[in-house]
Each structure stands twice: as structure tokens, then as C-alpha cells.
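**Student:** The amino acid sequence is not available; the structure is as follows:
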DNA sequence: GTCCGGCAGC
DNA sequence: GCTGCCGGAC
């Protein structure tokens, strides 16, 4: 053991974990995903060298609001009727709406349709899908998280995701107790997600993070016993997994409650 | 009944 | 920086 010196003080003071923990996060997660993750979802592109960005874009927009099991049949019908982004772009709005019916958030279906037209035009001009984060964020209905997902999983470029699943995993692992609806906490979580995302295989990492959040690190009754991050999960160490993520509660005022009587 | 979510619009 | 969106899970 070397003596602690000024130089051995953790250099990454912005994070709650040691460099060793931070650096081993991705390998542990990826090992778990290889052994126990889901590899059969129809939009997954990690087992091909020629990923299809359309598939990832479409599925990610649906998954913004809806769980995997609900999305599956909708995604299948969309791919059946609109096999390419050009098919979706050329479709009448009524047909798109029919296929979306039941998913809710119809404004998103409008953005999806508009986004398809934008993408078809870009492909017409450049011969390919957008290739940068900024160009994807310029597509209607695509924000920072969806753009990162498409970069990583749909193009096999470098990309970072920080959606609800990731935020739950990270707030627990690092015991981040800031209100996740606040922008300061959002920034903190994005910084941690970036720090943990490996430069190679960021798509596989994104896939694994989402799978972890959905199948192990669930909102209630997380399966910590099976978790590859359990050993240094700060929330688990205190038995406070379900205290995270912290979110300020809407305090409905008594007047509006009384109105319902 | 109450909470959840990623984005756009405000 | 904050809120509405819309159906599902709980």
C-alpha cells in the first residue's frame, strides 16, 4: 500500500466514486449484458455491422413514452407498413395516425411524421442519414437523449444516453440526491453518464444501461441481488435504493383537492 | 386516484 | 425554466 499523498487524492472530485469504480462500471455492465441481457428486441442493432438508423429512431421515439412490451406490436406494424423512412415520409397523416392510435401523445406522432419528411429530404440531398448529434437534434421529436441513442445504437458512432432508466440507475449507484427535475441535477447526471460511457462500443453500453434499468434496477423492488453494480452501489449500501431518484413532489393545494368533492 | 416520461412550446 | 401531453403501471 502506498501512503496517501496530495497526489493520490481522487482526481475526479466531481464524482462520488473512485476512479477504479468509475472505470470498472462499463466492463461490469457489458459482461452482465452479454450473459443476461435481452438481445432479441426487434430494433436492436448491436449484432450487425450495418445498423439501421431508421429502426433505432422509430423505436426510440416510441420508447420515449411507452414500455417495451407495449411498443413491440406497434413497432412491428409500423415496420410492416413503413419499411423505410421514405415510406413513412410519403404516407398520409391519417395512415400514420391510425398506426399510432393507442400510444397516446399524438403530438409525437405528428413530430415523427414531420421528422420522417425531414430525414427523407436530408437523405435526398446528402445520400445518407444525419451523422452528428446536432443534426439529429434538429429533427422534430428528437431531443438530446434520443439523439444520443441514435448516434450510439443506430449509427455505431459515439453517443451518450441519459433517459429515465439511466437516471434511475445512476442516481442510485452514485447516491445523487438532487431533484432530477432540476437542471443542475440533469447536468450532473449527464456528466456522470458521459464519464461512464466507453469510447468504443457506446451503443452496446447504451443498450446494456437501458436493459439494466428496465429488468434489474426497477423503480420498485429492484433486483439488487443480480446486479453487476451492487458492490459499489451507494444507495444499496444504505438500503435506500427506492429513495432514488429524488423528485420534488407536486404538492396539490387543498383548494383544488376540495374542488373535486 | 397518483405517478411516470422526453420533447416542444411557451 | 416550467408545463402539458396521454395512456399504462401501480
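**Tutor:** Nice, thanks for sending it over. In this text, all values refer to a predicted model and were calculated from it rather than measured experimentally. Residues are numbered from 1 along each chain as shown, chains lettered A, B, ... in the order given.
**Student:** who in the stretch 1-150 of chain A is up against DNA strand C?
**Tutor:** For the stretch 1-150 of chain A, the residues in contact with DNA strand C (C-beta under 7 Å from any atom of the strand) are A:65, A:66, A:67, A:69, A:70, A:102, A:103, A:104, A:105, A:106, A:107. All C-beta spots, glycine's among them, are computed from the backbone N, C-alpha and C.
**Student:** Name the residue closest to the centre of chain A, please.
**Tutor:** Compute the mean C-alpha point of chain A, and by C-alpha atoms, centre = their mean the closest residue is residue A:163, 3.9 Å away.
**Student:** That residue and DNA strand C: what is the separation?
**Tutor:** 14 Å (C-beta to the nearest atom of the strand, to the nearest Å).
**Student:** swap in residue A:245?
**Tutor:** Distance from residue A:245 to DNA strand C, by C-beta to the nearest atom of the strand: 15 Å.
**Student:** Check that residue and give its pLDDT.
**Tutor:** What the model reports for residue A:245 is a pLDDT of 96.
**Student:** Would you mind naming what in the stretch 1-150 of chain A lies close to DNA strand B?
**Tutor:** A:64-65, A:104-105, A:107-108, A:111, A:139-147.
**Student:** which residues does residue A:60 contact?
**Tutor:** A:146, A:149, A:150, A:154 (C-beta atoms under 8 Å, 6 or more residues apart in numbering).
**Student:** how does it look with 10 Å?
**Tutor:** Residues in contact with residue A:60 (C-beta atoms under 10 Å, 6 or more residues apart in numbering) are A:43, A:71, A:141-142, A:145-150, A:153-154, A:161, A:163, A:210.
**Student:** neighbours of the residue lying closest to residue A:173 once chain neighbours are set aside, just the number please.
**Tutor:** Sequence neighbours aside, residue A:233 is the residue nearest to residue A:173 in space, at 4.9 Å (criterion: C-beta to C-beta, 6 or more residues apart in numbering). By the measure other C-beta atoms under 10 Å, the count of residues near residue A:233 is 23.
**Student:** so what's residue A:233 up against?
**Tutor:** Counting by C-beta under 10 Å, 6+ apart, residue A:233 has contacts A:17, A:21, A:169, A:172-175, A:217, A:222, A:224, A:227, A:241, A:244.
**Student:** Also residue A:160?
**Tutor:** A:133, A:144-145, A:147-149, A:151-152, A:166, A:190-191, A:193-197, A:202, A:205-206, A:209.
**Student:** repeat that with 8 Å
**Tutor:** Taking C-beta under 8 Å, 6+ apart as the definition, contacts of residue A:160 comprise A:148, A:152, A:190, A:193, A:194, A:197, A:202, A:206.
**Student:** how close does residue A:154 get to DNA strand C?
**Tutor:** 23 Å.
**Student:** how close does that residue sit to DNA strand B?
**Tutor:** From residue A:154 to DNA strand B the distance is 13 Å (C-beta to the nearest atom of the strand).
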